[in-house]
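> Sequence plus the predicted model coming up.
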Amino acid sequence: MIRSATLLATLLATSTGWAQEYRFPSELPASGTVQYITAHRDLKDGAGVEDYACGTNAYNGHRGTDIGIGGFAVMDAGSRWVVAAAEGEVTAAVDGCFDRCTSGQCECGGGFGNYVKITHPDGKSTYYGHLMRGSVRVTTGEPVTCGQRLGKVGSSGHSTGPHLHFEPRYANNVSDDPYAGACGGPISFWVAQGAYNALPGEQCAGGAPPPVEAGTVKGVLWNLGVTTGPNDAGNVRVVGGHVTADDGTTTSARAGDGYWALSLPAGSHRITAELEGFLPTSRDVTVSAGQVAWASMGLEPEDGAPPPRDDARILDAPMLIEVEPEDPVVATWWVENSGTTTWAEGEVTLAFVEGARWDAEAAPVVAPDQQVAPGEQVALQLSLTAVATATRATSVWRLTRVGGAAFGEPLQLEVRVRTATTSDPGAPDKLEGGPRGGSLGGSCGCRDADRPDPGVALIGVYIGFLLWRRRTPR
C-alpha cells in the first residue's frame, strides 16, 4: 500500500513523528453552490479504481483530491477562494495560464496550470492546482497562515472543468492521500476528516473554525442615458462591462441582464465599472462578513457618443462548394468589425439562422486572449464533412452577441455533394471555400465535436470558428 510505506518512511526520518494536519483548503460560500468532492486519489495499481474507503469515487491514476464548485457559471460569478490548508511558506506560485480548459490536456504549469505550492514545518508540501488566471495572491518565499487566501478555483492545466486539485507530497516528491480508511492509510492528515465524500472541516490545527472573512457584492449595470434606474420601464442593461474592486478583484457583467457579483474581504471598498462608449463610474460599498451588499451602477454614455453598436461587414465569401461524399471542406469568410464595439473572447458567437441546420455546434469567434477592435478584420472558418449525396443545400449564419441580438451581414454557405450523375470528370477532387483557403485552427484542443448520424444529417459539421488571423485595413 502506497500510504503505509510512505508514512512509515517519513516517521522514521523525523525525530518526533509529528505530521501537519490540514483544514479544508477552500472557503465555503455564504450562499450559492457549496463545494463538493468530485474525485479522491486512486489507490489501486493497474486497471480499475479504488479510493481510501474502498469505493470508486476516483479515476485511474489520479494522485490528488478534486473539489468541484459547480462549473463555469460559478467560476464566472466570482468562483470560490482556495486557502492554505496549514501554515507554511510558499515555495512555488504560477499564474498566467489559460483557465477555461475542458479537454484535460491544456499544457501549462506542469499540468497544474496556475498553482501554489506550500511547504509546511513537518517537511511535507501541499499543492493547489488549476487556479483561475490572475487570481493568485501569494508569491514564492512568502510565509502564509492556515486559512490564508491563495487564489481562486479555475480550470487551467490538465483540467476538464473548474475544480481544485489538492495534493500533499513528501520532501522526496512522493505523493500521498490525506484520507485514512479501510483501503488507505491508518492516519488522516485532516483536522476533521468527516464522512465519506463529505467535506473535511474548516478548522485549522489547534483552533476553532476561522471566522468568515468575506462578503459578496452584487449588482447590475444599466444605461443611464435611457433610464435613471435599473428597473425603470424601458431600461437597457449594459452587457460586458468590466467591474473592478479596489483590491484588484474583477468580473464582467453577464449577458442578458448585466448582472455581476464579487466576493470581497469584509470592510470598505470602491467598485468601478467601465465599458467602451461609457464614462467610468464608481461607488463605495461596505462589505460585511457573510453578508450580501448591492451596488448596481448606471453608466452614462460619453458626450456625443452614440450607444455601442455591434455590426459586421463581409469582405470576402466562399462561392458554391462542390465536393465528393466524405470530402473535408473548409469555408472561409473575411469579415470586418464595422460596429463600435470590440469583440472579446466569449462575447460573440456564430448562430444558425435558416436553411440546413446540420446539427452544428459553434465555437467562440474570438480566440483566448484576443480581441477584434472596430475596423479590424478577421478570417472566420467553418469546417464540415460531406457524409451523404444530396442536391444543393444552403445554410445561413450570423454573428451574435451572447445573450443579445444577431448582427451584421448574414454568412451564407452553399454546398453540393457530387453524385454519379452530377460529377464532372474534369473537375478538381476538392474545392475549398474562399480564395484564401487555409486549414482549421484551434486552441489547446479543449473540445472535440461529435460527428452526427449520416442518416439524420446531410452534412456533419465541425466548427472551429476562431480568430485565425487579424489584419489592419490598408
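Yep, that arrived. Numbers count the residues shown, from 1 in each chain.

> Any regions of the stretch 151-300 of the chain where pLDDT drops low?
207-213 (pLDDT under 70).

> hmm, try it at 50
Residue ranges of the stretch 151-300 of the chain with pLDDT under 50: none are present.

> now the strands for it?
Using DSSP state E, counting those that start in this stretch, the strands found in the stretch 151-300 of the chain span residues 163-169, 214-223, 242-245, 250-252, 259-265, 267-274, 281-287, 292-294, 297-299.

> Can you lay out those as CSV showing mean neighbour count?
For every residue, glycine as well, the C-beta is placed using N, CA and C. Formatted as CSV, the strands of the stretch 151-300 of the chain follow (neighbours: other Cβ atoms under 10 Å):
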stretch, mean neighbour count
strand 163-169, 24
strand 214-223, 22
strand 242-245, 19
strand 250-252, 18
strand 259-265, 20
strand 267-274, 17
strand 281-287, 15
strand 292-294, 13
strand 297-299, 22
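
> Go through these and name the closest to residue 134.
Of all the strands of the stretch 151-300 of the chain, it is strand 250-252 that lies closest to residue 134, at 7.8 Å by Cβ to Cβ.

> excluding its backbone neighbours, what's nearest residue 317?
Leaving aside its chain neighbours, residue 317 sits nearest to residue 333 (5.2 Å; criterion: Cβ to Cβ, 6 or more residues apart in numbering).

> Could you count how many residues lie near the one you found?
Neighbour count for residue 333, taken as other Cβ atoms under 10 Å: 24.

> Can you spell out which residues form a bridge with it?
residue 380 (DSSP bridges).

> wait, doesn't residue 241 sit right on residue 255?
No: with contact defined as Cβ atoms under 8 Å, residue 241 does not reach residue 255; the gap is 11.3 Å.

> ok, those two, which is more surrounded?
Counting neighbours by other Cβ under 10 Å for residue 241 and for residue 255 shows that residue 241 has the greater number, 24 against 16.

> How about the more buried one: what's its closest non-neighbour residue?
residue 275 (4.0 Å).

> again with residue 28
Leaving aside its chain neighbours, residue 28 sits nearest to residue 34 (6.0 Å; criterion: Cβ to Cβ, 6+ apart).

> got it, and residue 284?
residue 270 (5.3 Å).

> who's in contact with that neighbour?
Listed by Cβ atoms under 8 Å, 6 or more residues apart in numbering, the contact set of residue 270 reads 245, 246, 282, 283, 284, 285.

> Pipe these into TSV and attach distance to residue 399 per row.
Formatted as TSV, the contacts of residue 270 follow (distance: Cβ to Cβ, whole Å):
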residue	distance to residue 399
245	32
246	36
282	32
283	34
284	38
285	36
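
> which stretch of helix or strand covers the residue nearest to residue 28?
Residue 34 belongs to no helix or strand when elements are defined using DSSP states H and E.

> Give me the pLDDT for it.
pLDDT recorded at residue 34 is 93.

> ok, it - how many residues close by?
12.

> I'd guessed residue 242 sits against residue 271; true?
No: between residue 242 and residue 271 there is no contact under Cβ under 8 Å: 11.1 Å.

> returning to what we had before: tell me which of the strands of the stretch 151-300 of the chain lies nearest to residue 59.
Using Cβ to Cβ, these put strand 163-169 closest to residue 59, at 12.2 Å.

> which residues are in contact with that closest one?
Against strand 163-169 from outside (Cβ under 8 Å, 6+ apart): 22, 25-26, 35, 38, 63-69, 80, 82, 85, 112, 124-131, 153, 155, 159, 175-178, 189.

> which stretches of the stretch 101-250 of the chain form helices?
Using DSSP state H, counting those that start in this stretch, the stretch 101-250 of the chain contains no helices.

> Quick check: residue 123 touching residue 174?
No: using Cβ under 8 Å as the test, residue 123 is too far from residue 174 to be in contact (11.7 Å).

> Nearest spatial neighbour of residue 75, chain-adjacent residues omitted?
The spatial neighbour of residue 75 that comes closest, neighbours along the chain excluded (Cβ to Cβ, 6+ apart), is residue 162 at 4.2 Å.

> now the one you found: how far from residue 262?
17 Å (Cβ to Cβ, to the nearest Å).

> which outside residues touch stretch 37-57?
Contacts of stretch 37-57 (Cβ under 8 Å, 6+ apart): 1-3, 58-68, 163, 175, 177, 179-185, 196-199.

> List only those of these flagged as buried.
By neighbour count, with 16 or more other Cβ atoms under 10 Å, the contacts of stretch 37-57 hold 2-3, 58, 62, 64-68, 163, 177, 179-181, 183-185, 199 as buried.

> for the helix or strand hosting residue 349, the distance to its chain's centre please.
Assigned by DSSP H and E, residue 349 belongs to strand 348-355. Centroid separation for strand 348-355 versus its chain: 23 Å, with Cα atoms, centre = their mean, to the nearest Å.

> same for the following helix or strand past it, what does it pack against?
Where DSSP H and E defines the elements, the next helix or strand beyond strand 348-355 is strand 371-372. On a contact count with 3 or more Cβ pairs under 8 Å, 6 or more residues apart in numbering; DSSP states H and E, strand 371-372 meets strand 343-344.

> mean confidence score for the strand it packs on?
86.

> That one pairs with which strands?
Strand 343-344 has these strand partners (DSSP bridges): strand 371-372 (antiparallel).

> what sits up against the partner strand?
Here strand 371-372 makes contact (Cβ under 8 Å, 6+ apart) with 337, 342, 343, 344, 345, 365, 366, 378, 467, 470.

> I'd like to know which of those are buried.
337, 342, 343, 344, 345, 365, 366, 378, 467, 470.

> Strands of the stretch 301-450 of the chain, residue ranges please.
Counting by DSSP E, counting those that start in this stretch, the strands of the stretch 301-450 of the chain are 312-316, 321-323, 328-337, 343-344, 348-355, 371-372, 377-386, 390-401, 406-417.

> Return the distance of the third one from the chain's centre.
In other words, strand 328-337. So, by Cα atoms, centre = their mean, the centroid of strand 328-337 is 26 Å from its chain's centroid.

> before we move on, what about the last one?
Strand 406-417 sits 29 Å away from the centroid of its parent chain (Cα atoms, centre = their mean).

> buried set for stretch 143-160?
In stretch 143-160, counting by 16+ other Cβ under 10 Å, buried: 144, 146-159.

> wait, which of those residues is closest to residue 312?
Taking Cβ to Cβ as the measure, residue 312 sits nearest to residue 155 out of the buried residues of stretch 143-160, at 29.7 Å.

> measure the closest one to residue 75 for me?
Applying Cβ to Cβ to residue 155 and residue 75 gives a distance of 7 Å.

> cool, and residue 275?
To residue 75, residue 275 is 22 Å away according to Cβ to Cβ.

> do residue 93 as well
20 Å.

> Would you indicate which residues of stretch 104-116 are buried?
So for stretch 104-116, counting by 16+ other Cβ under 10 Å, buried means 106, 108, 109, 111, 112, 113, 114, 115, 116.

> closest to residue 233 among these?
Among the buried residues of stretch 104-116, and counting by Cβ to Cβ, the member closest to residue 233 is residue 114, at 44.4 Å.
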